[in-house]
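Engineer: have a look; sequence and predicted model below, questions after that.
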Amino acid sequence: MDRRDPLAHLRDRFRLPEGLIYLCGHSLGPPPRTVGARAGQVISGEWEADLVAAWNRHDWVELPRRIGRRIAPLLGAGEDEVIAADSVSVNLFKLLGALLLRTPDRRAVLVEEGNFPTDLYMAQGLARLLEESGATLRLTAPEDFESSLGPDVAVATVSHVDFRTGRMLDMGALTSAARAEGVPLVWDLSHSAGAVHLRLNEDEVEFAVGCGYKYLNSGPGAPGFLYVARRVQDTLESPLTGWMGHASPFDFETRYRPAPGMRRFLAGTPPILSMAALDEGLRTFEGVDMAAVRRKSVELGDLFLRLAGERLAQFGVVPASPADARRRGSQVSLRHPDGYALMQALIARDVVGDFRGPDLMRFGLAPFYVRYADVRDAVEALRLALVNEEHRQARFRQQKLVP
Ligand SMILES: Cc1ncc(COP(=O)(O)O)c(C=O)c1O
């Protein structure tokens, strides 16, 4: 399968230690081979050489929009519909806030309770801030999310791919269900962008946020992005009215006026070093067909689940990800009561995934650098760890700060 893989050459675009099987791109992608040189160029060739003049000479101020144009094709979006900025948390706050402020007669912020906790917390903080206007947070079980899209909901948010299980929602169907109820829906694409084939325009998605440091391979704490469909951009005002989102930031006016288009979703000065790394991460996508990425991702996931079923089930390892690839992102999760210790044992065997409590071992299958043989070897390493009962060793049971 590796020999006939049309994407096999992409692995050379990254720096990965020899002999390591890296299945953690859903948490932190590996460094692109060129990122060190690019960071050096920005520091020495731009900052050091040109000092403050670099803002104009190297067009730093336009980086958030230039990067947005690079992200857009990965999302199936228009070039002027995406901008890079801040973290996922902050970007989500901006969109939820803008939408809640736009619809005074609807007051509930609807969040699926299995969503990534920062999404819950940001919605909770926003509802509390606007409590006096009647704003409330409404949490629903995943299976009740669609039926909760009612006439009092001002805005709803959901993850396209679930961070625990890799379960992927039908974006087109849910977007149209929300639209039928008049509810703007903000998609969190943290576990989708760069890993699955997205068609935001075709699916008539209006709002989304996403992450730079996972499948976009742009470095720890890389800026995230926002997507807003062109036709609604100018109907929204970000609640974080920073000067970089002002129509004319260098006129230093007393009153805030939003910039036209996506620029209104910027707040403060863009972090140029991190933005340059994000730009470099996105260059790893040059010439890559996302449909081919998706095909390989599905094959990797199917292979992983098949081998896990054949070789690990007798040890009490249970798949937590959908068997149906149409309902699965680029991640496979397996349950085991000793999942934490087992994952540490696997890492000691040079197979890196991660763990989410109480019992989930997560494996990110980034088609850019994960080989079919890696999947086979990872399952075999897990089988050997189980056979040898390595998870019972005290050294693998010590909790780390970042699990
Ligand atoms: C779905 C989802 N949203 C948001 C985040 C994190 O957001 P931030 O970039 O603000 O830390 C994560 C991190 O893993 C995530 O999985």
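Structural biologist: Perfect, I can see it now.
Engineer: hang on, Gly339 packs against Arg362?
Structural biologist: No - at 9.3 Å, Gly339 does not count as touching Arg362 under the criterion of C-beta atoms under 8 Å. All C-beta atoms are positioned from the backbone trio N, CA, C, and that covers glycine.
Engineer: list the residues that contact both of those two?
Structural biologist: Common contacts of Gly339 and Arg362 (C-beta atoms under 8 Å, 6 or more residues apart in numbering): Phe355.
Engineer: and the helices in the stretch 1-150 of the chain?
Structural biologist: 35-40, 49-50, 54-57, 63-75, 88-102, 117-129 (DSSP state H, counting those that start in this stretch).
Engineer: just give me how far the second one sits from the chain centre.
Structural biologist: Relative to the chain's own centre, helix 49-50 is displaced by 34 Å; criterion: C-alpha atoms, centre = their mean, to the nearest Å.
Engineer: could you do the fourth one as well?
Structural biologist: For helix 63-75, the distance between its averaged C-alpha position and the chain's averaged C-alpha position is 15 Å (C-alpha atoms, centre = their mean).
Engineer: buried ones in it?
Structural biologist: 63-75 (16 or more other C-beta atoms under 10 Å).
Engineer: please apply the same query to the last one.
Structural biologist: Taking 16+ other C-beta under 10 Å as the neighbour-count basis, helix 117-129 is seen to contain the buried residues Thr118, Asp119, Leu120, Met122, Ala123, Leu126, Ala127.
Engineer: which helices and strands does that helix pack with?
Structural biologist: With contacts taken as 3 or more C-beta pairs under 8 Å, 6 or more residues apart in numbering; DSSP states H and E, helix 117-129 sits against helix 88-102, strand 108-112, strand 136-140, strand 153-159.
Engineer: please apply the same query to the longest one.
Structural biologist: Packing partners of helix 88-102 (3+ C-beta pairs under 8 Å, 6+ apart): helix 117-129, strand 153-159, strand 185-188, strand 207-210, strand 224-228.
Engineer: pretty sure Ala276 sits against Leu63.
Structural biologist: Yes - taking contacts as C-beta under 8 Å, Ala276 lies within contact range of Leu63: 7.4 Å.
Engineer: about what we covered before: distance to the ligand and mean pLDDT added to the helices and strands packed on helix 88-102, as a markdown table?
Structural biologist: As requested, those are exported to a markdown table (distance: least, C-beta to the nearest ligand atom, whole Å; pLDDT from 0 to 100):
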| stretch | distance to the ligand | mean pLDDT |
| --- | --- | --- |
| helix 117-129 | 5 | 98 |
| strand 153-159 | 5 | 98 |
| strand 185-188 | 5 | 98 |
| strand 207-210 | 8 | 98 |
| strand 224-228 | 5 | 98 |
